[in-house]
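>>> structure for the following, please:
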Amino acid sequence: MALSERIAIFVDGLNLHASARALGFEIDYGRLLERFKGQGALVRAFYYAAPDEQEYSSIRPLIDWLEYNGYSVVKRVNRGTAFGAGGRKPKSGMEIDLVVNAMELAAHLDQMVLFSGDGGFRRLVEAMQRRGVRVTVVST
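As a prediction, the model looks like this:
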């Protein structure tokens with residue numbers, strides 16, 4: 001990666017938080033941000049949160065820390081659950097926010113880093129690649 005590369009990070013917080021908790025590890029979001037700042041020009045780092053009311057209080061300190069330390073936090077209230085291939089999953093519309101933000105920034109990026117295991121972002125990855133953006137997906 002050239003130091004002049006324009007990079008944006010997109011963190012599917014709901015997906016990443018659940019995976020990290022299930023695997024028993026913590027993510028150092030400060031180190032993560034510094035790692036990418038050292039790789040090029042960090043255009044934006046997004047963290048998408050869609051907590052339900054009960055979970056919101058437990059991740060509130062994380063959300064506050066992210067907002068104060070350089071992340072653009074996009075919050076969506078969980079509107080219940082939907083049934084998918086993996087059973088019940090939260091339904092918030094957060095995915096739409098992530099896709100719209102990525103597409104709006106596409107002309108200003110060389111690389112997109114997507115932290116998510118959600119296969120629903122496949123079309124976004126393909127669309128970004130067609131626009132000349134290199135996409136890296138980080139998933140458990």
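>>> residue ranges for the strands of the chain, please.
For the chain, the strands defined by DSSP state E cover 6-12, 41-49, 72-75, 81-84, 87-90, 111-115, 134-138.
>>> what mean pLDDT does the third one get?
If I follow you right, that is strand 72-75. What strand 72-75 shows for mean pLDDT is 93.
>>> which positions within it qualify as buried?
Val73, Val74, Lys75 (16 or more other Cβ atoms under 10 Å). In this view, the C-beta of every residue, glycine as well, is placed from N, C-alpha and C.
>>> and those, which is closest to Arg123?
Val74 (19.4 Å; Cβ to Cβ).
>>> could the strands of the chain be laid out in TSV, adding distance to Ala22?
As requested, the strands of the chain are arranged in TSV below (distance: least, Cβ to Cβ, whole Å):
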stretch	distance to Ala22
strand 6-12	15
strand 41-49	18
strand 72-75	22
strand 81-84	17
strand 87-90	14
strand 111-115	15
strand 134-138	16
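>>> and which of the buried residues of strand 72-75 is nearest to Asp28?
For the buried residues of strand 72-75, the nearest to Asp28 is Val73 (16.9 Å; Cβ to Cβ).
>>> and that closest one, how far from Gly119?
According to Cβ to Cβ, to the nearest Å, Val73 and Gly119 sit 24 Å apart.
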